[in-house]
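**Q** Provide a 3D model corresponding to the input given below.
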Amino acid sequence: MQVDVKAINSAKKEILLTIEAERTQNAYNKYLGKAARDISIQGFRPGKAPLAMVERAYGEKIRDYFYKDFVDEVFTEAAKEHDFHYLMQPEIKDINWEKGQEMTIKVEIETEPEISFKQIEGLTVPYNPLALEDEVEHYIEELRKENATVVDVDKDIAENDEVEFEVKCSLDGAEAMQNYTTHVNTQHEPQITEAALGKQVGDSFSLKLPHDYIHHIFKDHEHQHHDGETEAGFMINAIRRTRLPEIDDEFAKDLEFDNVKEMRKKITSELEEKNVLKNKNIKINALITKLYIDNRFDLPENTIQYIAEQELNQYNITDAQWRKYYEVQIRYQIMQDFINMYLMKELRKQYPMEVTEADIAVYIEHEAKLSDQSIEEWKEKHKKLMEDENFKETVTNYLILNKIADTCNFEIAKDEPAETPAEETEAKPKKKSTRKPKEKSEVKAEE
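**A** You can find the predicted model right below:
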């Protein structure tokens, strides 16, 4: 068997297999004989019909099955002999064979990309640091939300009001009713929000909504999934509005600070170290982006698409538009994960190192401070992570990237929007008090 390999790009190869005529014919004859034993032809006992007659009757189907088995056999042999490392099942692009002649099989495989760095150290890297002042303001805004009150109103629904609806519609031929409470928000509830804004308790309206969304509202009801839209009637039962406290001395005193100035000073002091650590992580992420932009490599597109579809299928989304939206989001995240994985794999080759207990301690301290935890608290929470065989690899990645970052010049990116504090990495210094404001009202979590 002759094996010819051609690179389509750094992550995809075309393999042309040429199998000798004698081997191919012998394999086909053997397969035909085996298939004939299970085939009945009128006028003959099972398995006794002449092969030529069996082939005339079922030749196309037999050949299809033969191709599948034979291609698996010869490709597995070639992969072992030539040490092919591929990410998912090979894609058969073409099979060409006539009786008595050699067979050619064209196969495409996806592999891990080949990466070659032009430069690693001493780079000029644009990044968007988090300003300490913005972090302080963000944190104070979170304090306002935590100490907000909720009041009942009866008219003029506004953006972000929590509204309780009575929803009625026909599900599988039967009338159904469900109480549904949500925050009307243009971004997350565009159709309901547009219909509800400005209305009052007791008002009603009807909407045609994707059946997937109806299923979300009527999640307590068993009904069939299908494409298309369903008309539902909405009646407004209650409107609740969040009141945020003013940022003034009274607000500061409720949190047991002397005044607003003292509150800002204390929060700034407690956020300062964490702000440095968060910006250190931002620099690392900017460095990874810079390394990819300067040394672009091909990604295994088919593999990424396959993984995205498998993940998407877990959500059972039937509406085409919503499915496409989530597919784009999932695919983008998988691409980012693949880029990071391949970059780090190559960097570990360039910077071989043995991780010490001291290195692990540095990494844990960094993560614990970012999480507002003591080292022991962090260890307890991440016990399984530390026991995982890949934990040392994670620490190695941290050390390598910081080693490279120390050689680089980081410049604030021009004409780029500043990074906003991500919810999962928000700075949260310890508060002096967690007592509620004087009005007793509970803020319900947004659905």
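**Q** in the chain, where is pLDDT below threshold?
**A** 36-59, 221-227, 415-447 (pLDDT under 70).
**Q** tell me where the longest helix sits in it.
**A** Within the chain, and with DSSP state H defining each element, the longest helix by residue count is helix 260-294.
**Q** can you name the next helix or strand after that one?
**A** Per DSSP states H and E, the first helix or strand lying C-terminal to helix 260-294 is helix 301-313.
**Q** can you map out the helices along the stretch 1-150 of the chain?
**A** Taking DSSP state H, counting those that start in this stretch as the criterion, the stretch 1-150 of the chain contains helices spanning 21-36, 51-82, 132-146.
**Q** turn the ones you listed into JSON lines, including distance to T318 and mean neighbour count.
**A** (Glycine included, C-beta is placed from N, CA and C.) Listed next are the helices of the stretch 1-150 of the chain as JSON lines, based on distance: least, C-beta to C-beta, whole Å; neighbours: other C-beta atoms under 10 Å:
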{"stretch": "helix 21-36", "distance to T318": "40", "mean neighbour count": "15"}
{"stretch": "helix 51-82", "distance to T318": "32", "mean neighbour count": "14"}
{"stretch": "helix 132-146", "distance to T318": "35", "mean neighbour count": "16"}
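**Q** between those helices, which one is nearest to M335?
**A** Closest to M335 of the helices of the stretch 1-150 of the chain is helix 51-82 (C-beta to C-beta; 26.3 Å).
**Q** between helix 21-36 and that closest one, find me the angle.
**A** Using axes from the mean of the first three to the mean of the last three C-alpha atoms, to 10 degrees, the direction of helix 51-82 lies 130 degrees away from that of helix 21-36.
**Q** output the contacting helices and strands for helix 51-82.
**A** Counting contacts by 3 or more C-beta pairs under 8 Å, 6 or more residues apart in numbering; DSSP states H and E, helix 51-82 packs against strand 2-9, strand 12-19, helix 21-36, strand 91-96, strand 103-110.
**Q** and for V184, the neighbour number?
**A** Applying other C-beta atoms under 10 Å, we find 23 residues neighbouring V184.
**Q** I should have written E112 there, sorry.
**A** Under the neighbour criterion other C-beta under 10 Å, E112 is assigned a count of 19.
**Q** work out the gap between stretch 182-194 and the centre of the chain.
**A** With C-alpha atoms, centre = their mean, to the nearest Å as the basis, stretch 182-194 stands 24 Å off its chain's centre.
**Q** show me the contacts for V153.
**A** With contacts defined as C-beta atoms under 8 Å, 6 or more residues apart in numbering, V153 is in contact with D161, I239, R240, R241.
**Q** redo that, cut-off 7 Å
**A** Counting by C-beta atoms under 7 Å, 6 or more residues apart in numbering, V153 makes contact with I239, R241.
**Q** give me phi/psi at it?
**A** Dihedral pair for V153: phi -130, psi 160, per degrees, to the nearest 10.
**Q** then T186?
**A** Residue torsions, per degrees, to the nearest 10, at T186 are phi -60, psi -30.
**Q** would you confirm that it contacts E159?
**A** Yes. Checked against C-beta atoms under 7 Å, the pair T186 and E159 is within contact range at 6.5 Å.
**Q** I236 and V201, how far apart?
**A** Computed as C-beta to C-beta, to the nearest Å, the I236 to V201 distance reads 5 Å.
**Q** higher neighbour count, the two?
**A** Neighbour count, other C-beta under 10 Å: between I236 and V201, I236 has more, with 20 against 16.
**Q** so which elements touch the longest helix of the chain?
**A** Packing partners of helix 260-294 (3 or more C-beta pairs under 7 Å, 6 or more residues apart in numbering; DSSP states H and E): strand 124-127, helix 132-146, helix 249-254, helix 320-350, helix 357-370, helix 391-405.
**Q** can you point out the buried residues in the shortest one?
**A** Looking back up the chat, that one is strand 124-127. V125, Y127 (16 or more other C-beta atoms under 10 Å).
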